[in-house]
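Participant: with the sequence up front, the predicted model follows.
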Amino acid sequence: MDHDELADFNQTDWQTRLDRYLIALGMAGVEPTSAITSAPWKLAIASRLKRECSVTNAWLTASLAMGGPKAVSAQVGRYRRDHEASCKLAARLRKLNIDTFSCCLAYAKSKDKCPHSRKLINITYDV
């Protein structure tokens, strides 16, 4: 995979994860610019994305309207240190089942239909 292909794959991965997390938190229809840069739902999503993939602060800034890249880093660090452990939104994201996620992302680049595509749309939670 060359540099451009990897960048495209990462962008697809980040956007797919973001979309799923927005749905899981009931924020799918919300325009990110309508909420403050440090909205709890933005911080919960940004923290989760930073933990599990190579998302950049610049991408989070553009996608979630969280201010500048340095501000994202500072806000997420403060959120993790002071609020994440007790945040109900973070707990909800932790329970999100993404066991078929990697498989579905592998199909995102190809034109083939992923065998798990229904699971990608339907959010499920571990019990």
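Facilitator: Thanks, I have it.
Participant: in what helix or strand does the residue nearest to residue 14 when sequence neighbours are not counted lie?
Facilitator: Residue nearest to residue 14 in three dimensions, not counting chain neighbours: residue 55, with 5.0 Å by Cβ to Cβ, 6 or more residues apart in numbering. Every C-beta, even on glycine, is put in place using the N, C-alpha and C of the backbone. Residue 55 is part of no helix or strand when elements are defined by DSSP states H and E.
Participant: mind checking how far the residue nearest the centre of the chain is from residue 81?
Facilitator: Centroid check for the chain by Cα atoms, centre = their mean gives residue 18 as the closest residue, at 3.2 Å. Applying Cβ to Cβ, to the nearest Å, the value for residue 18 to residue 81 is 23 Å.
Participant: contact partners for residue 52?
Facilitator: Residues near residue 52 by Cβ atoms under 8 Å, 6 or more residues apart in numbering: residue 17.
Participant: now for residue 32, how many residues are close by?
Facilitator: Neighbourhood size, residue 32 [other Cβ atoms under 10 Å]: 18.
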